[in-house]
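Asks: sequence and computational prediction follow.
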Amino acid sequence: AQSVTQLGSHVSVSEGALVLLRCNYSSSVPPYLFWYVQYPNQGLQLLLKYTSAATLVKGINGFEAEFKKSETSFHLTKPSAHMSDAAEYFCAVTITHSGGSYIPTFGRGTSLIVHP
Amino acid sequence: DTEVTQTPKHLVMGMTNKKSLKCEQHMGHRAMYWYKQKAKKPPELMFVYSYEKLSINESVPSRFSPECPNSSLLNLHLHALQPEDSALYLCASSPSEGRGQSPLHFGNGTRLTVT
């Protein structure tokens, strides 16, 4: 069964430092993978998605993620953190529902804290 | 600006009340979703509508009743809720259920408090 695991419920970085949020997936078939961001009191917003076209995926706000099949990983990175990046980040994978539909399932989320 | 609009933003209701949450999208999407999200938790799927027909019900209690009047609108009717139903209710849409390669577009949610 497809699933994602996000390592670390909280990640704390200084402004200007590298951001690394970890996501590992489990899937017996090539997965569709997504990263979403949720700012306080808002819904989720798509950062980027992997649909097998390219292993290095660039998203909005300077974020990117690399699909590594050998490591079953899809970690999210940003070279330099900004205060405005403080938010909750969710990794998601498409799973096959029991009824045959395809729906996303979310990791537990990682809270990114950015210090001045 | 979100392309999925949810109203109201906040709702406080008693356990005997009947209320409705509304969701609207004008992107021509044919799949619409209701999620429930508790604080510091990921969204949990409740219902999926595909081409205006209910395709997934994740064993949600009958006090939650979804309705899809047309391809742009999605309602969630609430009746006799419990305090533990207090949460952020998110609506989302996608072009179709397809094979799951399309991302979801989320609204900003309705913050529901049941007293």
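Replies: It's in.
Asks: partners of the lowest-mean-pLDDT helix or strand in chain B in the sheet?
Replies: The least trusted helix or strand in chain B, going by mean pLDDT, DSSP states H and E, turns out to be strand B:53-57, with a mean of 92. The pairing partners recorded for strand B:53-57 under DSSP bridges are strand B:44-50 (antiparallel).
Asks: that older thread, buried set for the least confident helix or strand of chain B?
Replies: Using 16 or more other C-beta atoms under 10 Å in any protein chain shown as the test for burial, strand B:53-57 gives B:55-56. For every residue, glycine as well, the C-beta is placed using N, CA and C.
Asks: can you list the residues that contact that strand?
Replies: Under the contact criterion C-beta atoms under 8 Å, 6 or more residues apart in numbering or on different chains, strand B:53-57 has outside partners A:97, A:99, A:101, A:103, B:45-49, B:66, B:68, B:97.
Asks: once you drop chain neighbours, what's closest to the most far-flung residue of chain A relative to its centre?
Replies: In terms of distance from the mean C-alpha position of chain A, residue A:99 ranks first, at 26.2 Å (C-alpha atoms, centre = their mean). Spatial nearest neighbour of residue A:99, excluding adjacent residues (C-beta to C-beta, 6 or more residues apart in numbering or on different chains): residue B:56 at 6.2 Å.
Asks: identify the bridge partners of that neighbour.
Replies: The partner residues for residue B:56, given DSSP bridges, come to residue B:48.
Asks: what's the pLDDT at the spatially most central residue of chain B?
Replies: In chain B, the residue lying closest to the centroid (C-alpha atoms, centre = their mean) is residue B:34, at 2.9 Å. Residue B:34 is assigned 97 on the pLDDT scale.
Asks: pretty sure it contacts residue B:93?
Replies: No: in this structure, residue B:34 is not within contact of residue B:93 by C-beta atoms under 8 Å, at 10.9 Å.
Asks: what touches both of those two?
Replies: With contacts taken as C-beta under 8 Å, 6+ apart, residue B:34 and residue B:93 have no neighbour in common.
Asks: count the neighbours of residue 102 for me.
Replies: Since you didn't name a chain, this refers to chain A. 19 (other C-beta atoms under 10 Å in any protein chain shown).
Asks: wait, I meant chain B there
Replies: Residues near residue B:102, counting by other C-beta under 10 Å: 21.
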